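Enquirer: Sequence first, then the predicted structure:
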Amino acid sequence: MYKNSWHKQIRRIFTFYRNHFLIGIVISLLCLWVLISNGLIAFQGCFWLKLVSYGIVYYFINQLRKNEYHYYNNLGLKKSVLWVTTLSIDFSTYILMIIASYRIGWIPHTIH
Amino acid sequence: MDPTHYTLEIDSILLDFGRRRLLSDIYIKCGQGQITTLIGRNGSGKSCLMQIIMGELNPLSKSVRINHKSIQAAHPAINYLPQSHFVPGHLRVMDVFADHQISEADFEADFPDLTTIIQQRFNKLSGGLKRLVEVYALIKSAAAFSLLDEPFTQIMPVHMEKIKPLIKAQKHKGFLITDHLYRDVLEIADTSYLLQNGKTWPVKSLEDLQSRGYIPQL
């Protein structure tokens, strides 16, 4: 059977992440722009926007690329592992972008 | 029993689609180093059976065992070639081989006329070459069992004649193969079954397929 080293599995997860990396970054930047424009009061709305975008991305990839799951499954990566890992990376990046922007002072404490 | 030798057994499957019972009386046994083929008409449930083995389809009941131990979901010892292309399109053929721990030199030796495709992206290949790359990757992979659903579809005859001995040469793994090209699959099979009316029937010769109405009387 395969000797799947962790770095190879990570590379394969990032191969899958390419499917929704761009849309994830675009939504994150959109949310960041809303937060910079309106302050942290918009955080809740942005959170829900991000969550809904995950649902839409999940739906479309399941519709358009469902056969690709077999590729990863054959290499020992289940669908749940692919999604939990890539969405965690995407959401962590989003939160880190917000924290960094807040510390820099781009995101105001109050509404303009 | 040799602990490194795997045996795959499938039975006790009940699968309904609406009011129609698709699979009801199945028994398939496949060992490493053996080629088992499953022949049947369109809609007889061959692909469903493979999906059940992979844990992608949940029947009313099933018993899928490796070395007498029941498995419920995808098992790392088994890989699966579905009917449709499944390799991510942006990957290069060399990436696919690397993922499956296959030497490019081996591919070049087996298919000297196709050395140029190794650098190409999968989505740039023709349908036949896509299938060939997918089949080659799974044949040469290190899994104990490969389930191949219509592996010869779209592949041109000259390449098919090269693939058959490659399958036969994999003594470390077992194959469960379905295809409508019954002469080709019977040629390489150690054990064959006809899937008809939800049941598996052993097939020893073309006469068995004729008597069950899968092929016309000659």
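Expert: Arrived safely, thanks for sending.
Enquirer: In chain B, what residue spans correspond to strands?
Expert: Using DSSP state E, the strands of chain B run over B:7-17, B:20-23, B:27-31, B:35-40, B:61-66, B:69-70, B:78-81, B:145-149, B:174-178, B:191-196, B:199-203.
Enquirer: what does the first one contact?
Expert: With CB atoms under 8 Å, 6 or more residues apart in numbering or on different chains as the contact definition, strand B:7-17 has outside contacts at B:21-24, B:26-32, B:45, B:48-49, B:52-53, B:57, B:59-68, B:78, B:145, B:174, B:176. Every residue, glycine included, has its C-beta placed from N, CA and C.
Enquirer: ok, which of those residues also contact chain A?
Expert: For chain A, no contacts are drawn from the contacts of strand B:7-17 by CB under 8 Å from any CB of the partner chain.
Enquirer: Return the residues of chain A in contact with chain B.
Expert: Checking chain A against chain B by CB under 8 Å from any CB, the hits are A:1-3, A:8, A:12, A:15-16, A:18-19, A:65, A:67-71, A:73-76, A:78.
Enquirer: Next step: those restricted to helices.
Expert: Among those, the members falling in helices (DSSP state H) are A:8, A:12, A:15-16, A:68-71, A:73-74.
Enquirer: And for B:Glu56, the neighbour number?
Expert: B:Glu56: 17 surrounding residues under other CB atoms under 10 Å in any protein chain shown.
Enquirer: ok now do it, which residues does it touch?
Expert: Applying CB under 8 Å, 6+ apart, we find B:Glu56 in contact with B:Ala74.
Enquirer: residues touching residue 21, list them.
Expert: No chain in the question, so chain A it is. Taking CB under 8 Å, 6+ apart, one finds A:Asp90 in contact with A:Phe21.
Enquirer: my bad, chain B
Expert: With contacts defined as CB under 8 Å, 6+ apart, B:Arg21 is in contact with B:14-15, B:198.
Enquirer: Pick out whichever of those residues sits closest to chain A.
Expert: B:Leu15 (20.0 Å; CB to the nearest CB).
Enquirer: Could you count how many residues lie near the closest one?
Expert: Close neighbours of B:Leu15, defined as other CB under 10 Å, add up to 22.
Enquirer: Report the buried residues of the helix or strand where A:Val52 lies.
Expert: Using DSSP states H and E, A:Val52 sits in helix A:43-64. For helix A:43-64, the neighbour count (16 or more other CB atoms under 10 Å in any protein chain shown) marks A:46, A:49-50, A:53-54, A:57, A:61 as buried.
Enquirer: and that helix, what other elements does it pack with?
Expert: Packing contacts for helix A:43-64, counted by 3 or more CB pairs under 8 Å, 6 or more residues apart in numbering or on different chains; DSSP states H and E, involve helix A:21-38, helix A:79-104.
Enquirer: how about a cut-off of 10 Å?
Expert: For helix A:43-64, the elements it packs on are helix A:21-38, helix A:68-74, helix A:79-104, judged by 3 or more CB pairs under 10 Å, 6 or more residues apart in numbering or on different chains; DSSP states H and E.
Enquirer: Same list, these, but as a markdown table with mean pLDDT and distance to B:Lys168 please.
Expert: Output for these, formatted as a markdown table (pLDDT from 0 to 100; distance: least, CB to CB, whole Å):
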| stretch | mean pLDDT | distance to B:Lys168 |
| --- | --- | --- |
| helix A:21-38 | 96 | 42 |
| helix A:68-74 | 96 | 21 |
| helix A:79-104 | 96 | 33 |
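Enquirer: And those helices: which comes nearest B:Gln83?
Expert: Proximity to B:Gln83 (CB to CB) singles out helix A:68-74 among the helices and strands packed on helix A:43-64, at 10.5 Å.
Enquirer: For B:Gln120, see how far away the nearest residue to B:Lys162 once chain neighbours are set aside is.
Expert: Closest residue to B:Lys162 apart from its sequence neighbours, by CB to CB, 6 or more residues apart in numbering or on different chains: B:Asp110 at 6.3 Å. Using CB to CB, to the nearest Å, we find B:Asp110 at a distance of 17 Å from B:Gln120.
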